[in-house]
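In: Kindly generate the corresponding structure for this input.
(chains A, B, C and D)
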2 protein chains.
Amino acid sequence: MGQYGLRERKKHRTRLALIDAALDLFAEQGYEATTVDQIAAAVDVSPRTFFRYFATKEDVALSLPLDGQEVMLAELAARPPEEPPFTALGHAMRAVVTGLEEADPADTARFLKARELIENTPALFAGSMRRLMGNEQRLTEEIARREGVGDDDLLTHFVVALFVSVARASFEHCQVDDILAAGSISGRLEAVLALAEGALRPGWDRPSARPQFIEGSSGQVAT
Amino acid sequence: MGQYGLRERKKHRTRLALIDAALDLFAEQGYEATTVDQIAAAVDVSPRTFFRYFATKEDVALSLPLDGQEVMLAELAARPPEEPPFTALGHAMRAVVTGLEEADPADTARFLKARELIENTPALFAGSMRRLMGNEQRLTEEIARREGVGDDDLLTHFVVALFVSVARASFEHCQVDDILAAGSISGRLEAVLALAEGALRPGWDRPSARPQFIEGSSGQVAT
DNA sequence: TGTCACTTGTCAGCGACTGTCATAAATTAC
DNA sequence: GTAATTTATGACAGTCGCTGACAAGTGACA
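Out: The predicted structure is shown next:
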């Protein structure tokens, strides 16, 4: 038997089936107009079971982008500690985007479908923001840990908040067609990162204790 | 026979009564544990009427900070057009904060009560973020109008997103006790604005001032 | 094969929220 | 001042998101 038992594979399959069915129904008749009962019926599952897979109706639409945020966290944790905060965040983000662009086309398509839906549905967009903000907190904690400062360090909050703004700008207002053009999403990410680099003073994201070190290291790794 | 008729005054009174009752109940027994029926009963009004004043249970807690955001919009619109975007945003924000600090103590207390509640209630915090993001869009449109660029201008998005991050950092993690100390909130705003000033290159928020900076810095920060 | 753990369906119920209609109160017209 | 009109409210019924509890089915493992 594979590393996953029949039970786990079955669970994974119904989970994906629920996501696909939900995404289709949402696209067809709109998010609000679709009931959980309909989604459950489409997968031939009881409505109660739906809520055993997703805590809320919102979650079924947001789960994919949410997974992406988990990857981001993991990538950030893997960055070398010497890297300045903003640089590390940028590289982690690049890893997520390229990972997405190189993934199984079916997965990529699902992801883009979800993102387009979220963009065009106010309620989902709101929920997406909520999760994003929750994630910002976790990114802040990680950066604070790396830099050896407290969770309430003002500069750390500022750095992460600024980065999240950049990340948002990269993803927003991307129509699916644009994104499907090869590398468009990472291209956009680079554009916004370059914009940020151009607006910010070198070494801005570290307390000015070691300007020359930052000068030397951040200069080459950017992009 | 003032400028408002009896009807309007009555409406305004019940609206405030609903907010006060809700804030009290939320503080007492928690947001989730409080039902709309309880709030309505406390003001001696039918539950149906509650929803004629507030679209959702969330709204009754968020309405005050939301009003503040409207003021922010108005203040921004009143700034002279020559002001660079970030400067104008900063001054508008200062006007909002000082306006808040100089208001009727009862109003200020209500506002702070609402903010504290939002800070400590995940569901409300999430909702607050949602509204904030909605407002960011409006700020972006206003800045784009001032600068004579399109709604999708990348720099404009970046400037506003960055500013909103700064504004958030100013308000978050402020305990009520801290804020009640005179001017504490504007003090914090100034601190974060100063932090931003120190991190950003002069003229970063206007396209015309940027070419030589990009040229000069591209060696170390880009490509 | 039988035991055990886990997943699922069914049902009953709470609470947020909405449409509808009748009533009461305030505003305006005469 | 009274009548007509507009507007706020209450009462009621209903939908939908979501949860707890219990029973039945299904894979895991000895």
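In: And for A:His157, nearest residue in space, chain neighbours not counted?
Out: B:Ala169 (5.2 Å; C-beta to C-beta, 6 or more residues apart in numbering or on different chains). From N, CA and C alone the C-beta is placed, and that goes for glycine too.
In: Low-confidence regions, chain A specifically.
Out: A:1-3, A:173-183, A:209-223 (pLDDT under 70).
In: Which helix in it has the most residues?
Out: helix A:122-147 (DSSP state H).
In: Does it reach DNA strand D?
Out: No: for helix A:122-147, no contact with DNA strand D is found by C-beta under 7 Å from any atom of the strand; the gap never falls below 9.6 Å.
In: what angle do that helix and helix B:122-147 make?
Out: Orientation check (axes from the mean of the first three to the mean of the last three C-alpha atoms, to 10 degrees): helix A:122-147 against helix B:122-147 gives 100 degrees.
In: Show me what helix A:122-147 is packed up against.
Out: helix A:57-78, helix A:85-101, helix A:105-120, helix A:154-171, helix B:122-147 (3 or more C-beta pairs under 8 Å, 6 or more residues apart in numbering or on different chains; DSSP states H and E).
In: can you give me the offset of the longest one from its chain's centre?
Out: Yep, that's helix B:122-147 we're talking about. The gap between where helix B:122-147 is centred and where its chain is centred comes out at 8 Å by C-alpha atoms, centre = their mean, to the nearest Å.
In: Just put the helices and strands packed on helix A:122-147 in TSV and tack on mean neighbour count.
Out: Shown next, in TSV, are the helices and strands packed on helix A:122-147 (neighbours: other C-beta atoms under 10 Å in any protein chain shown):
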stretch	mean neighbour count
helix A:57-78	17
helix A:85-101	20
helix A:105-120	17
helix A:154-171	22
helix B:122-147	18
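In: what's the closest of those to B:Asp37?
Out: helix B:122-147 (18.2 Å; C-beta to C-beta).
In: Tell me which residue of chain A lies closest to DNA strand D.
Out: A:Gly5 (2.6 Å; C-beta to the nearest atom of the strand).
In: Hmm, the residue nearest to A:His157 is touching A:Phe158, no?
Out: Yes: contact status for B:Ala169 versus A:Phe158: in contact at 6.0 Å, counting by C-beta atoms under 8 Å.
In: Pull up the overlap in contacts between these two.
Out: B:Val192 (C-beta atoms under 8 Å, 6 or more residues apart in numbering or on different chains).
In: Report whether stretch A:114-133 contacts DNA strand C.
Out: No: using C-beta under 7 Å from any atom of the strand, stretch A:114-133 never reaches DNA strand C; the gap is at least 10.9 Å.
In: Output that stretch as CSV, restricted to C-alpha atoms.
Out: Presented in CSV, the C-alpha positions along stretch A:114-133 are these (Å, rounded to 0.1, in the frame of the first residue of the first chain):
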residue,chain,number,x,y,z
ALA,A,114,-10.4,30.4,-6.9
ARG,A,115,-8.5,33.6,-7.1
GLU,A,116,-10.6,35.0,-9.9
LEU,A,117,-13.7,34.1,-7.9
ILE,A,118,-12.4,35.8,-4.8
GLU,A,119,-11.5,38.9,-6.8
ASN,A,120,-15.0,39.3,-8.1
THR,A,121,-17.0,38.4,-5.0
PRO,A,122,-16.9,41.1,-2.3
ALA,A,123,-17.8,38.7,0.5
LEU,A,124,-15.0,36.4,-0.5
PHE,A,125,-12.5,39.2,-1.0
ALA,A,126,-13.3,40.3,2.5
GLY,A,127,-12.7,36.9,3.9
SER,A,128,-9.5,36.7,1.9
MET,A,129,-8.3,39.9,3.5
ARG,A,130,-9.1,38.6,6.9
ARG,A,131,-7.0,35.5,6.4
LEU,A,132,-4.2,37.6,4.9
MET,A,133,-4.2,39.8,8.0
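In: what sits up against that stretch?
Out: A:19, A:23, A:26-27, A:30-32, A:58, A:61-62, A:64-66, A:69, A:164, A:168, A:171-176, B:125-127, B:129-130, B:133-134.
In: hmm, 7 Å instead?
Out: By C-beta atoms under 7 Å, 6 or more residues apart in numbering or on different chains, the surrounding residues in contact with stretch A:114-133 are A:23, A:26-27, A:31-32, A:58, A:61-62, A:64-66, A:69, A:164, A:176, B:126, B:129-130, B:133.
In: Got the domain ranges for chain A?
Out: A:1-56, A:62-203 (automatic domain parsing).
In: Among the ones you listed, which comes closest to B:Gly203?
Out: domain A:62-203 (9.4 Å).
In: and the end-to-end length of the closest one?
Out: For domain A:62-203, the first-to-last residue distance is 35 Å (C-alpha to C-alpha, to the nearest Å).
In: center of chain A - which residue?
Out: In chain A, the residue lying closest to the centroid (C-alpha atoms, centre = their mean) is A:Gln69, at 3.6 Å.
In: and that one, what is it in contact with?
Out: Contacts of A:Gln69 (C-beta under 7 Å, 6+ apart): A:131, A:135.
In: Could you report the separation of it from A:Asn135?
Out: When distance is defined by C-beta to C-beta, to the nearest Å, A:Gln69 is 5 Å away from A:Asn135.
In: same thing with A:Ala92?
Out: According to C-beta to C-beta, A:Ala92 stands 12 Å off from A:Asn135.
In: can you check A:Ile185 too?
Out: According to C-beta to C-beta, A:Ile185 stands 18 Å off from A:Asn135.
In: cool, A:Ala27 as well?
Out: Taking C-beta to C-beta, one finds A:Ala27 at 26 Å from A:Asn135.
In: Could you tell me which residues of chain A lie near DNA strand D?
Out: So far as C-beta under 7 Å from any atom of the strand goes, chain A lies against DNA strand D at A:5-8, A:10, A:34-37, A:47-48, A:51, A:55-58.
In: Can you say which of those are buried?
Out: A:34, A:36, A:57-58 (16 or more other C-beta atoms under 10 Å in any protein chain shown).
In: Isn't A:Val149 up against A:Thr156?
Out: Yes: between A:Val149 and A:Thr156 there is a contact under C-beta atoms under 7 Å: 5.9 Å.
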